[in-house]
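Engineer: Any chance you could fold what I've pasted below:
(2 chains)
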There are 2 protein chains.
Amino acid sequence: MTRYQHLADLLAQRIEAGLYQSGERLPSVRTLSREHGVSIGTVQQAYYVLEAKRLIMPLSRSGYFVSPRKAMPPVPALTRPIQQPVEFMQWESVLAIANKRRAPDVLSLDGGMPDITQPTLKPLLHAIAHCGKQYDLSMLGYDSLPGLPELREQIARLMLDGGSQLGAEEIVVTSGCQESLSIAIRAVCQPGDIVAVESPNFFGVMQMLQGFGVKAIEIPTDAVSGLSLEALELALEQWPIKAVLTVPNCNNPLGFIMPDERKRALVALARRFDIAIIEDDIYGELAYGYPRPITVKSLDTDGRVLLCSSFSKTLAPGLRVGWIAPGRYLDRVLHLKYISTGSTAMHIQRALTEFIQQGAYQPHLRRMRARYQRNLDVFACWVRYYFPSGICVSRPQGGFWLWIELPGECNAACLNDALRREKIRVAPGAIFSATGKYRHCLRLNYAAPFTDTIQRALQTLGLTLEQWLSEASGV
Amino acid sequence: MTRYQHLADLLAQRIEAGLYQSGERLPSVRTLSREHGVSIGTVQQAYYVLEAKRLIMPLSRSGYFVSPRKAMPPVPALTRPIQQPVEFMQWESVLAIANKRRAPDVLSLDGGMPDITQPTLKPLLHAIAHCGKQYDLSMLGYDSLPGLPELREQIARLMLDGGSQLGAEEIVVTSGCQESLSIAIRAVCQPGDIVAVESPNFFGVMQMLQGFGVKAIEIPTDAVSGLSLEALELALEQWPIKAVLTVPNCNNPLGFIMPDERKRALVALARRFDIAIIEDDIYGELAYGYPRPITVKSLDTDGRVLLCSSFSKTLAPGLRVGWIAPGRYLDRVLHLKYISTGSTAMHIQRALTEFIQQGAYQPHLRRMRARYQRNLDVFACWVRYYFPSGICVSRPQGGFWLWIELPGECNAACLNDALRREKIRVAPGAIFSATGKYRHCLRLNYAAPFTDTIQRALQTLGLTLEQWLSEASGV
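Structural biologist: Numbering: from 1, shown residues only, chains lettered A, B, ... in the order given. This next block holds a predicted model:
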């Protein structure tokens, strides 16, 4: 038996015996090295072994902790939204997320920010600087309506990984996925029309539907397999639905990846009822498994799928570069882009093209996938440890969203008020539905590098919820 | 009498005597210097004197030409569009302008490109490069919904010149003026509503109105003083108009600046009929006179004016940074921005802020105003010389658009087909109206530095039109 295995066994026994408590910080590598007369490398190796067994968890700059022992809470059950078209409001709550300047001392677990602190993003800044120095003034001119051809070629190549074989001429560059979705909805709907959506559903899309006078019908959705096709079929039989809007890969907020056969069934259903599919694939490249899941678009044979995506989650939201592959709706999409923003910033398109051509995109994606998965491990571990029992927690297969269902009597809408003094913000579940469902839910963003601050925030969150529940049961 | 005055008189006499013909190239400075035994500086000075008298015209890298003698054609008369709300189509013709990649060998007099070749733009590229090098990765994050506060402060300061005293919090940064206008229209109108517009009117706005299901009523417009307020009042009495949309400063396409008292009357009218005013001030800073004309917004006392503008014409369209000062419609505008693009590229906002803070914006503006005015002199001169008689020509007071009315029997819609072999494109007048008016008009962009190529293009244009007219009269 090697030294490190011996040490690992010894530590495992101590944890088993309760000598190191669940959630407790383990001795530092240096301390153990002195204590056992072994090298630092040996202790590190022993910790790696225990981490692989999920017995202990690493924390950046804080050493290792004993993994919490509580069993993982169950996955949320299939949702049961009201089965009729509804209009959406709650703009005030959404504005609070969209509008606030990120104060440096507030921990924002509510917003959609990816981790933009990684060194693999540096080449992007270099490309931006390089384009400023390198290119002549012509890059300050108007871009053509569909976007820079070189960038569209690169996007077409990236989309091959999702199974779509598209030409650059089938892709339109947009000012972020928000514009892609905004255009896609208007390309297939008129005011008064009905769109089927997952439930819970990204609040940004709900705001769009409301803004364009389009009604949503929320379809029951499973936290593991996605949209209930059975429920969708019933809704399609009952209502004159124009399109279904889905985030099938690394769903926001549930984190599921819709299985391939269900994607196929969805396309078949859309064909049968002759409706469009608006697919939001913004998290598709952040799936933890390899290869990345296929897009619904890749199964589209008659151009009824409008795929929307962007670099906002994979690279950086401040770029405001997204795209749409609108199938048969290309002409309408070009017109809508013209009357929406005209064109997309040229300089950033050039810099992005340079960044991807240099081969810097895939290494960054690989790094982010691994980091988000590790963040999830740690994050879910502490949620399990600190949060009261009776909760349900999603099992994200990619991206950086955790969806938590609290016991029914909790109203998460007041949570941000309760947490104001603690300077923590979470996304209340209520804004993910038009029907007042999900009041007892919340969504947490686990993209940021895990720190003691985040651990403490989860502890505070857990304590607050525990208190609420005991008060509720006391009454 | 100084030597240069003597030489100037001599040359003036020769031009008068027809020794140098109208439109003919004058001897080079060097040749004259040898011929008359005077210094190069003296010849140059003599040419300056003659240029100031508009007897001769300079051409970049081509020396001087004798100014054409024909009298300046008259200004177009007050337009007489059909006085009822109409819907707009003609997307194909607009798409041809918006969508084409600028082939390097086609002379595009049709599009909206400003001159982006001037050295005063260099600091902007430096700022872009500098931001890429300087700033940390945080600038890749989401911007807050209304835009970078530092940039909004700079914009508030710029707007002081137009007479508006606004706080940064009253300004929302957008992805270009196209997004500003798109949001402004939707902030005040529902589908089915009616908006009053100038006639002729920028085709981009007409496309928006059509795209949002809003009808336009085209108001007679004078090429010197702008919107006929008398006609507007009649229309307001007759139709339930929701807003009036105007480009009062350096109008596109007519080039007028609406006199201050008419701006005041417009605001009074809007108040009387309780309608909103959407003001497009994108060319306001390119007025040739000093100080720049006031905005309608500066006369607004109850927040009914939505001012839209951008850096697309003053600096560069590829930046895609505009703004809107929406008055009482701020909340709706923020919601519409959220569901349109979410936010504007952060990096470009930083670079622009740096560029303006450095004091590089005003020198660039001064240069561009002077250049555009000189371009206009030369351009109008050759139009006068080469174009057939019977035309009317606008008298732009800023910006870079020339509006030309041909004799009624010309249909400029076919002009681009006729000019395809010559690789010249102009904007056909028909797309500036929903009612099929202005078929006999065309709009020319004179922003680009004047060259022999442009002179030849105007000659070709003139010849083509001459031929059409003689054929038309022959039939």
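
Engineer: which outside residues touch stretch A:259-277?
Structural biologist: Contact partners of stretch A:259-277, identified using CB atoms under 8 Å, 6 or more residues apart in numbering or on different chains, comprise A:188, A:225-227, A:229, A:232-233, A:236, A:241-246, A:248, A:258, A:293-294, A:296, A:299-302, A:304-306, A:329. Bear in mind the C-beta positions are built from the backbone N, C-alpha and C, glycine included.

Engineer: Put the buried members of those residues into a ChimeraX selection.
Structural biologist: Those of the contacts of stretch A:259-277 that count as buried under 16 or more other CB atoms under 10 Å in any protein chain shown are selected in ChimeraX with:
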select /A:188,226,227,229,232,236,241,242,243,244,245,246,248,258,293,294,296,299,300,304,305,306,329
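
Engineer: Flag every residue of the stretch 251-400 of chain A that's near chain B.
Structural biologist: The interface of the stretch 251-400 of chain A toward chain B, taken as CB under 8 Å from any CB of the partner chain, is made up of A:315-321, A:334-336, A:338-348, A:351.

Engineer: Which ones among the residues you listed lie within helices?
Structural biologist: Counting by DSSP state H, the part of those found in helices is A:334-336, A:338-340, A:346-348, A:351.

Engineer: rewinding a little: among the contacts of stretch A:259-277, name the ones in helices.
Structural biologist: Counting by DSSP H, the part of those found in helices is A:188, A:229, A:232-233, A:236.

Engineer: Can I get those residues in TSV including pLDDT?
Structural biologist: Listed next are those as TSV, based on pLDDT from 0 to 100:
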residue	pLDDT
A:Val188	97
A:Leu229	97
A:Leu232	97
A:Glu233	97
A:Leu236	97
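
Engineer: could you measure the closest residue to A:Arg328 other than its chain neighbours against A:Ile241, distance?
Structural biologist: Using CB to CB, 6 or more residues apart in numbering or on different chains and skipping residues adjacent in sequence, the residue nearest A:Arg328 is A:Gly303, 3.4 Å away. Noted for A:Gly303: a distance of 19 Å to A:Ile241, by CB to CB, to the nearest Å.

Engineer: Check A:Arg439 too.
Structural biologist: With distances defined as CB to CB, the gap from A:Arg439 to A:Ile241 amounts to 26 Å.

Engineer: tell me which of the ones in helices among the contacts of stretch A:259-277 is nearest to B:Ala8?
Structural biologist: Within the ones in helices among the contacts of stretch A:259-277, the smallest distance to B:Ala8 is 68.8 Å, found for A:Val188 (CB to CB).

Engineer: Let me see the ranges of the helices in the stretch 1-150 of chain A.
Structural biologist: Remark: helices of the stretch 1-150 of chain A, listed N- to C-terminal, are A:3-16, A:29-36, A:40-52, A:91-99, A:122-134, A:149-160; assignment by DSSP state H, counting those that start in this stretch.

Engineer: measure stretch A:250-261 end to end?
Structural biologist: As for stretch A:250-261, its first-to-last residue distance stands at 16 Å under the measure CA to CA, to the nearest Å.

Engineer: can you pull out the strands in the stretch 351-475 of chain A?
Structural biologist: Using DSSP state E, counting those that start in this stretch, the strands of the stretch 351-475 of chain A run over A:392-393, A:401-405, A:424-425, A:427-428, A:441-445.

Engineer: Mean pLDDT, mean neighbour count and distance to A:Met159 added to those, as a markdown table?
Structural biologist: Shown next, in a markdown table, are those (pLDDT from 0 to 100; neighbours: other CB atoms under 10 Å in any protein chain shown; distance: least, CB to CB, whole Å):
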| stretch | mean pLDDT | mean neighbour count | distance to A:Met159 |
| --- | --- | --- | --- |
| strand A:392-393 | 94 | 20 | 32 |
| strand A:401-405 | 96 | 24 | 23 |
| strand A:424-425 | 91 | 23 | 34 |
| strand A:427-428 | 92 | 26 | 29 |
| strand A:441-445 | 95 | 26 | 26 |
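
Engineer: I'd like those strands as TSV, with distance to B:Asp143 appended.
Structural biologist: TSV is the format used below for the strands of the stretch 351-475 of chain A (distance: least, CB to CB, whole Å):
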stretch	distance to B:Asp143
strand A:392-393	32
strand A:401-405	21
strand A:424-425	18
strand A:427-428	19
strand A:441-445	17
